[in-house]
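*Asks:* I'd like to go over a predicted model; first the sequence, then the structure.
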Amino acid sequence: MITSPVSRTLLRTFWLGVMLLIGYALFQVGRVPPLYVLIGGGLAFFALLPTYLWCAGRVGGLPVFPALAGMYLLTFAFPFLGGHPSLDRYDPAALMQAALTVTLFLGIATVLWLAVLQAPTAPPREFWGFAEERHTAAFHICLVLASAFHVAMLAGLLWTLSDSVFSLIRAVSLSLATLGVTVLSYRLGRRQLTSGQTALFLVLFGTFLLFSAAGLMLAPAMGMLLLAVGTFTVGRGRLPIAVVLAALVFFSILHVGKKPMRDRYWSKKGRENIPPWEMPRYYARWFTYGIARLPASLSGEQTGKEKQSSVLERSSVVQMLLRVQSKTPSEKPYLYGQTYAIIPELLIPRVLYEDKVRSHEGTYMLSVHYGLQTRKATLGTTIGFGLLPEAYANFGYFGVVGLAVLLGLGCGLVTRWSMHVPVASFRGLFALVTLSLAVQTEHTAGVLAASLFQSAVVLLGFALLLMKVEPLLPAEHPVEEAAEELQAVS
């Protein structure tokens, strides 16, 4: 059921995270300029404020906007607190301008999100869905099919397909994975899975992550794991700290060993095929590279082409906002909506429109416009920009305010629409899918719009096959009444 889990455990977890963040900031005093610590602390406050309001039970529904705002802790606050290398290239005025831009965005979006959720709302009389304890096997099958796609791709079985067919299969696979991970992670958090269902989910999810990361592009696998942790936390009311720490170590080792693996398996002729039975040897080699290079990476001894940024540094997009604001409009003109104009075309399936632009076309336009890549270079590498730098590149502060209004109202309306109904309903699943996209920090508007549209289409097909109209009984939302009572006591 999509309600606000007013939980003392969840609130304690939030304050524990805040204390750790404060400790990290104090540790950085003297190691990074005081201005960085001051800016990072201010941005962290605005990024975490929606999460506090949700954890404290001040708002209900799934934390779609808190998840979105919380990612600005990683992409903007942490780079300042950790002294991201790119910050040294800009003067204090530019840094303050970027900080105020992020604050303006988060402040407006938070106010609008709160305004939408605090308006009175009545539960619907009926919903489209099925009982939460049923159809669990269907979500397991989603993970099986998503893993099968990666297995086939790694083995080279899909490269003979046309671009349109391959794009369609990839989009469906990603949507199925998102659907399966969100629902099963949430049910695991709510203790609605049996021991057998839990074991099967963990095996299937672990298998999916391994095959997804085996393509030597770690961001999709990390994003899916972040989604699973987030939805589990929503359901259980506490963060699985041990899982988070283990994942951080695991992906850090893979990240450090990624370059020699690419040198070995990627060539000018293409990528080497990897059959499933080679996976143990493949990952053993990858871990060997990663562990061997880890001491030099941690000590910062790597230089030149060998130097690699950390996982946290790679998640940052603050350098993109700084670059955009420093060059626009003094050196580069505003784009005036060019990266947004392609969105309607991106919603058309490639099987129906063979010549449509690439899904990351908006990102490539920004990279070329600001001199980060040539058009040819975009064929092999994608540089993440993020929604906020894209908005400023198009319309300056008008774009920033417009983005804040769109996301604040949009997240609020999706959350409000999905309240009072079971999570295993069309409304609930759509909100979960939206939440999963809210944590994608590097994508531009075109990618997110296309992903949301594709996921909604797959979800609609899923609903037509397995769901039916059910009446919403008063007994189906007792948690909200308990939340009100707990708030009154508090």
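*Replies:* Right, received. Where do you want to start?

*Asks:* quick one, grab the pLDDT at Tyr36.
*Replies:* On the pLDDT scale, Tyr36 is placed at 90.

*Asks:* make that Asp263, sorry
*Replies:* pLDDT for Asp263: 82.

*Asks:* which SS class is it?
*Replies:* Following DSSP: H, G, I helix; E, B strand; the rest coil, Asp263 is assigned to helix.

*Asks:* next: the one 10 residues further on.
*Replies:* Taken by three-state DSSP, the conformation at Asn273 corresponds to coil.

*Asks:* so who does it touch?
*Replies:* Neighbour list for Asn273: 154-156 [criterion: C-beta atoms under 8 Å, 6 or more residues apart in numbering]. Quick note: C-beta positions are derived from backbone N, CA and C, even for glycine.

*Asks:* what does Leu407 give?
*Replies:* Per C-beta under 8 Å, 6+ apart, neighbours of Leu407: 65, 68, 109, 387.

*Asks:* what number of residues lie near the second one?
*Replies:* By the other C-beta atoms under 10 Å criterion, the neighbourhood of Leu68 contains 26 residues.

*Asks:* ok, for it, nearest residue in space, not its chain neighbours?
*Replies:* Nearest residue to Leu68, sequence neighbours excluded (C-beta to C-beta, 6 or more residues apart in numbering): Ala438, at 3.9 Å.

*Asks:* thinking again about what came up before, which of the contacts of Leu407 fall in helices?
*Replies:* Of those, the ones assigned to helices by DSSP state H are 65, 68, 109, 387.

*Asks:* considering those, which possesses the most neighbours?
*Replies:* Phe65 (31 neighbours).

*Asks:* ok, that one - contacts?
*Replies:* Counting by C-beta under 8 Å, 6+ apart, Phe65 has contacts 50, 109-110, 113, 407-408, 411-412, 415, 438.

*Asks:* which of those fall within helices?
*Replies:* Using DSSP H, the contacts of Phe65 in helices are 50, 109-110, 113, 407-408, 411-412, 415, 438.

*Asks:* pipe the residues you listed into TSV and attach distance to Pro344 and pLDDT per row.
*Replies:* TSV is the format used below for the ones in helices among the contacts of Phe65 (distance: C-beta to C-beta, whole Å; pLDDT from 0 to 100):
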residue	distance to Pro344	pLDDT
Pro50	30	94
Ala109	24	96
Thr110	30	96
Trp113	26	95
Leu407	20	95
Gly408	23	95
Cys411	22	94
Gly412	25	94
Thr415	26	92
Ala438	22	82
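
*Asks:* which one of these sits closest to His369?
*Replies:* Closest approach to His369 among the ones in helices among the contacts of Phe65 (C-beta to C-beta): Leu407, at 23.1 Å.

*Asks:* what separates that closest one from Leu387, distance-wise?
*Replies:* Counting by C-beta to C-beta, to the nearest Å, the gap from Leu407 to Leu387 is 8 Å.

*Asks:* same question, Pro79
*Replies:* 17 Å.

*Asks:* Gly362 too?
*Replies:* 10 Å.

*Asks:* kindly report the same for Leu26.
*Replies:* As for Leu26, its distance to Leu387 is 31 Å (criterion: C-beta to C-beta).

*Asks:* wait, Pro124 sits on Leu472?
*Replies:* Yes: using C-beta atoms under 8 Å, Pro124 makes contact with Leu472 at a distance of 5.8 Å.

*Asks:* quick check: neighbours shared by those two?
*Replies:* 420-421.

*Asks:* re the thing from before, count of neighbours near the residue nearest to Leu68?
*Replies:* Neighbours of Ala438 (other C-beta under 10 Å): 24.

*Asks:* likewise Gln28?
*Replies:* Gln28: 18 surrounding residues under other C-beta under 10 Å.

*Asks:* quick check: it vs Leu322, distance?
*Replies:* Between Gln28 and Leu322 the computed distance is 19 Å (C-beta to C-beta).

*Asks:* buried residues of stretch 340-353, list them for me.
*Replies:* 340, 342-343, 346-347, 350 (16 or more other C-beta atoms under 10 Å).

*Asks:* what's the end-to-end length of that stretch?
*Replies:* 19 Å (C-alpha to C-alpha, to the nearest Å).

*Asks:* got the contact list for that stretch?
*Replies:* Here stretch 340-353 makes contact (C-beta under 8 Å, 6+ apart) with 163-165, 167-168, 171, 356-357, 359, 361-362, 394, 445-447, 449-450, 453.

*Asks:* sorry, back to before: any chance of the ones in helices among the contacts of Leu407 in CSV, plus distance to Leu117?
*Replies:* Formatted as CSV, the ones in helices among the contacts of Leu407 follow (distance: C-beta to C-beta, whole Å):
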residue, distance to Leu117
Phe65, 9
Leu68, 14
Ala109, 13
Leu387, 21
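
*Asks:* from these, which is closest to Trp128?
*Replies:* Phe65 (23.8 Å).

*Asks:* need the contact list for the residue most central in space within the chain.
*Replies:* In the chain, the centroid-proximal residue (C-alpha atoms, centre = their mean) is Val439; its distance is 2.4 Å. Val439 makes contacts with 67-68, 71, 223, 226-227, 230, as judged by C-beta under 8 Å, 6+ apart.

*Asks:* which of the contacts of Asn273 has the largest number of neighbours?
*Replies:* Leu154 leads the contacts of Asn273 on contacts (other C-beta under 10 Å) with 22 neighbours.

*Asks:* what is the burial count for Gly337?
*Replies:* 12.

*Asks:* if we can go back for a sec, for ChimeraX, write the select line for the buried members of the contacts of Phe65.
*Replies:* Selection command for ChimeraX covering only the buried members of the contacts of Phe65, criterion 16+ other C-beta under 10 Å:
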select :50,109,110,113,407,408,411,412,415,438
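
*Asks:* could the contacts of Phe65 go into JSON lines alongside distance to Gly257?
*Replies:* Output for these, formatted as JSON lines (distance: C-beta to C-beta, whole Å):
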{"residue": "Pro50", "distance to Gly257": "36"}
{"residue": "Ala109", "distance to Gly257": "38"}
{"residue": "Thr110", "distance to Gly257": "40"}
{"residue": "Trp113", "distance to Gly257": "40"}
{"residue": "Leu407", "distance to Gly257": "36"}
{"residue": "Gly408", "distance to Gly257": "40"}
{"residue": "Cys411", "distance to Gly257": "37"}
{"residue": "Gly412", "distance to Gly257": "42"}
{"residue": "Thr415", "distance to Gly257": "40"}
{"residue": "Ala438", "distance to Gly257": "30"}
